[in-house]
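In: sequence? don't have it. structure:
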């Protein structure tokens, strides 16, 4: 897909700017990886269904693996269910009927786990926002089931530690990565969940600075569109100029796919999800 002629065709037909790198699908999905290993624990403190959103399952697989490992390290039994899109992408484009169909399928895939007492843990903040907020209008039955029993991964780790889990089971900083620059996804901020990520990192000994920029400029598919690419990058420059991000050696972490993609395009060093920083191997 990244070959020059193909990118030119995508730009002309689909409006995807040829200057924006495309997501790379991984050969092994998160679900395949999880099915090939034991993600259970003896005498678990909690039991979790880790929601495999489309990016975590197919593209950003490493953050999903890290989430499983971090949860296991704190005594949590994990399953990765067969579940598809939450409906976030079609909803963002005004495709309400398609979004409702996706929401119904996701609800049916997750409801049985909630019924037997498992918490639903979500890596991508925009999908958690669907469960907690958007489903109230889009799919009230799903909202009633999922809104109170779904959690963002760093929020969940924070809760475990606050309730007695040993944080030393997670990975603390080295001299090379002790200083961290953290950008919170806009949906995560809307849900009020930025402080939990910072609290976990600081509890483990990381020195954290946070961005004051509300939006990285990517905004899902917005930053891929030819007509918005320049605006997306202009907004992104505000994040690049934040202390600790552009002109710095700090390890850059961000909570959402859009933010990670934008930061990788803006900066000269790679960014990671915070759970990748603290999960044991």
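Out: Yep, that arrived. Everything quoted here is computed from the prediction, not taken from an experiment.

In: can you map out the strands along the stretch 1-150 of the chain?
Out: Under the criterion DSSP state E, counting those that start in this stretch, the stretch 1-150 of the chain contains strands at 46-51, 76-79, 119-122, 150-152.

In: how about a markdown table for the ones you listed, with mean neighbour count and distance to residue 102 added?
Out: To be clear about C-beta, it is placed using only N, CA and C from the backbone, and glycine gets the same treatment. Compiled in a markdown table, the strands of the stretch 1-150 of the chain are given as follows (neighbours: other Cβ atoms under 10 Å; distance: least, Cβ to Cβ, whole Å):
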| stretch | mean neighbour count | distance to residue 102 |
| --- | --- | --- |
| strand 46-51 | 24 | 13 |
| strand 76-79 | 20 | 21 |
| strand 119-122 | 24 | 15 |
| strand 150-152 | 23 | 16 |
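
In: for residue 235, find the nearest of these.
Out: Nearest to residue 235, of all the strands of the stretch 1-150 of the chain, is strand 150-152, at 23.8 Å by Cβ to Cβ.

In: contacts for the closest one?
Out: Residues outside strand 150-152 that contact it (Cβ atoms under 8 Å, 6 or more residues apart in numbering): 51, 119-123, 125, 128, 131-132, 159, 188, 191, 193, 196, 255.

In: now with 10 Å, please.
Out: The contact list for strand 150-152 (Cβ atoms under 10 Å, 6 or more residues apart in numbering) reads 48-49, 51, 110, 114, 119-125, 127-132, 135, 156-159, 185, 187-188, 191, 193, 196-197, 255, 275.

In: of these, buried ones?
Out: Buried members of the contacts of strand 150-152, counted by 16 or more other Cβ atoms under 10 Å: 48-49, 51, 110, 114, 119-125, 127-132, 135, 156-158, 185, 187-188, 191, 193, 196-197, 255, 275.

In: spatially, which residue comes closest to the residue positioned nearest the centre of the chain, not counting chain neighbours?
Out: For the chain, residue 124 is the residue whose C-alpha lies nearest the centre (Cα atoms, centre = their mean; 2.8 Å). Sequence neighbours aside, residue 53 is the residue nearest to residue 124 in space, at 4.4 Å (criterion: Cβ to Cβ, 6 or more residues apart in numbering).

In: isn't that neighbour up against residue 153?
Out: No - at 11.2 Å, residue 53 and residue 153 do not qualify as touching, with contact defined as Cβ atoms under 10 Å.

In: where do the contact lists of those two overlap?
Out: In contact with both residue 53 and residue 153: 64, 122-125, 128, using Cβ under 10 Å, 6+ apart.

In: report pLDDT for the nearest residue to residue 81 once chain neighbours are set aside.
Out: Leaving aside its chain neighbours, residue 81 sits nearest to residue 49 (5.2 Å; criterion: Cβ to Cβ, 6+ apart). The confidence metric pLDDT takes the value 98 at residue 49.

In: so residue 142 sits against residue 135, correct?
Out: Yes - using Cβ under 10 Å, residue 142 is in contact with residue 135, at 4.7 Å.

In: biggest helix in this protein, by residue count?
Out: Of all the segments of type helix in the chain, defined by DSSP state H, the longest one is helix 96-115.

In: buried set for that helix?
Out: Those would be 99-100, 102-103, 105-107, 109-110, 113-114, for helix 96-115 by 16+ other Cβ under 10 Å.

In: in contact with the nearest residue to residue 117 once chain neighbours are set aside, which residues?
Out: Nearest non-adjacent residue to residue 117, counting by Cβ to Cβ, 6+ apart: residue 47, 6.4 Å away. Residues near residue 47 by Cβ under 10 Å, 6+ apart: 40-41, 71, 76-79, 113, 116-119.
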